[in-house]
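>>> Structural data only, the sequence is not supplied:
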């Protein structure tokens, strides 16, 4: 999930500081979330704030169902 967050932020042309401001979280949360190869090492509330800010900016993420993993691949 971390690489997807980073890719979405870059696609929007945002610096980590801008995403942090939009999500109302410290910039360290953005950097920690983006550096995680799997599930970000942030709270669920922080992750939701990041995702909501990115979506509000125009980013989209594929839905993850119970039979898919975070990359959208089936097991």
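Okay, I see it. Small disclaimer: the values here were computed from a predicted structure and weren't measured.
>>> Please make it C-alpha for all contacts and neighbour counts, starting now.
Fine.
>>> Pull the contacting residues for residue 58.
The contact partners of residue 58, by Cα atoms under 8 Å, 6 or more residues apart in numbering, come to residue 12.
>>> What's the separation between it and residue 23?
Noted for residue 58: a distance of 14 Å to residue 23, by Cα to Cα, to the nearest Å.
>>> can you check residue 16 too?
10 Å.
>>> what about these two, which has more around it?
With neighbours defined as other Cα atoms under 10 Å, residue 16 and residue 23 compare such that residue 23 has more, 22 against 19.
>>> ok, residue 55 - how many residues close by?
Neighbour count for residue 55, taken as other Cα under 10 Å: 13.
>>> Oops, could you answer that again for residue 49 instead?
There are 18 residues near residue 49, going by other Cα under 10 Å.
>>> Equivalent analysis for the one 5 residues further on, please.
Residue 54 is surrounded by 21 other residues when neighbours are defined as other Cα under 10 Å.
>>> What does it show for phi and psi?
Here is the backbone geometry of residue 54 (degrees, to the nearest 10): phi -70, psi -40.
>>> How about residue 40?
Main-chain torsions, residue 40, degrees, to the nearest 10: phi -60, psi 150.
>>> Could you pull out the buried residues of the strand or helix carrying residue 52?
Per DSSP states H and E, residue 52 falls inside helix 44-56. By 16 or more other Cα atoms under 10 Å, the buried positions in helix 44-56 come out as 46-47, 49-51, 53-54.
>>> wait, doesn't residue 22 sit right on residue 55?
No - in terms of Cα atoms under 8 Å, residue 22 does not count as a neighbour of residue 55; the distance is 10.9 Å.
>>> Just the angle for the helix or strand encompassing residue 29 relative to helix 44-56, thanks.
For residue 29, the element it lies in under DSSP H and E is helix 27-35. Angle of helix 27-35 versus helix 44-56, following axes from the mean of the first three to the mean of the last three Cα atoms, to 10 degrees, is 80 degrees.
>>> Show me what stretch 23-37 is in contact with.
Here stretch 23-37 has contacts from 1-6, 16-17, 19-21, 40-42, 46-47, 49-50, 52-53, using Cα under 8 Å, 6+ apart.
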